[in-house]
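Enquirer: what's the 3D shape of this:
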Amino acid sequence: MISGNLANVNTNGYKSLRPNFQEILDDMKFTGVHLQSTQRMMQQGNLTPTENPLNLAISGDGFFAVELETGEIAYTRDGEFHLDSALNIVNGRGLQLEWEGEIPENTAEVRVNQDGRVLALMNDGSGWVEAGTISLYRVQNPSGLNNYGQSLWLPTEISGEITEGVAGTTGYGRIVGYTIESSNVDVA
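Expert: Numbers count the residues shown, from 1 in each chain. Here you go, the predicted structure:
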């Protein structure tokens, strides 16, 4: 677990693992410890400014949703997004962000407001237009999510209900553009 945490210290949105040990008692003598369980630490990592307007971090609670190759929805705090050649908002693996809207043709620039509204600057000089909205997703028990790898999480029975909401409203964090959430691993 420790080597896995250290290997992912620079992985955006990575959530560290913590081992939980339990003492073993034998005739009232301590005879050692054993690994009782592991716990995924879901605290927010540091928010790091970038030069990319589609690098999105969540300040507070919530996850972004992306569609896996299998069609399943995975949740992530890794907001290192960009536009692909078809003007889809995708992550580094090419997985599409789940959002309501579409980037118009002839878009010069894209930005995302704190409430998730996606704005596109048009090349034709008509200015900024609203292209849609990115929702955030809250998980009842985030520690119960199943690690899919590469800072992606799948729901389980233990993770509980997942609710969709508007960024910046009660219970949902706000979206911060030009920013990436770093790993929450503490090297010390």
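Enquirer: And Ser143, its phi and psi?
Expert: As for Ser143, its main-chain torsions (degrees, to the nearest 10) stand at phi -70, psi -20.
Enquirer: Now the nearest residue to it once chain neighbours are set aside, what are its backbone angles?
Expert: Counting by Cβ to Cβ, 6 or more residues apart in numbering, Ser143 lies nearest to Arg40, which is 5.1 Å off, once chain neighbours are set aside. In short, each C-beta sits where N, CA and C put it, glycine included. In terms of degrees, to the nearest 10, the main-chain angles of Arg40 are phi -80, psi 120.
Enquirer: Give me the distance between Pro155 and Glu72.
Expert: Note on Pro155: its distance to Glu72, by Cβ to Cβ, to the nearest Å, is 9 Å.
Enquirer: swap that for Phe81, please
Expert: From Phe81 to Glu72 the distance is 19 Å (Cβ to Cβ).
Enquirer: now the residue nearest to the spatial centre of the chain: how far from Lys15?
Expert: In the chain, the residue lying closest to the centroid (Cα atoms, centre = their mean) is Arg77, at 1.1 Å. Separation of Arg77 from Lys15 (Cβ to Cβ) stands at 7 Å.
Enquirer: any residues in contact with both of those two?
Expert: Listed as contacting both Arg77 and Lys15 by Cβ atoms under 8 Å, 6 or more residues apart in numbering are Ser151.
Enquirer: For the protein, which element, helix or strand, carries the lowest mean pLDDT?
Expert: strand 29-40 (a mean of 68; mean pLDDT, DSSP states H and E).
Enquirer: Following element in sequence after it, please.
Expert: Once the chain leaves strand 29-40, the next helix or strand it forms, by DSSP states H and E, is strand 47-49.
Enquirer: Neighbouring strands of the very next helix or strand once past that following strand in the sheet, and parallel or not?
Expert: Downstream of strand 47-49, the next assigned helix or strand under DSSP H and E is strand 57-59. With DSSP bridges as the test, strand 57-59 is paired with strand 174-176 (antiparallel).
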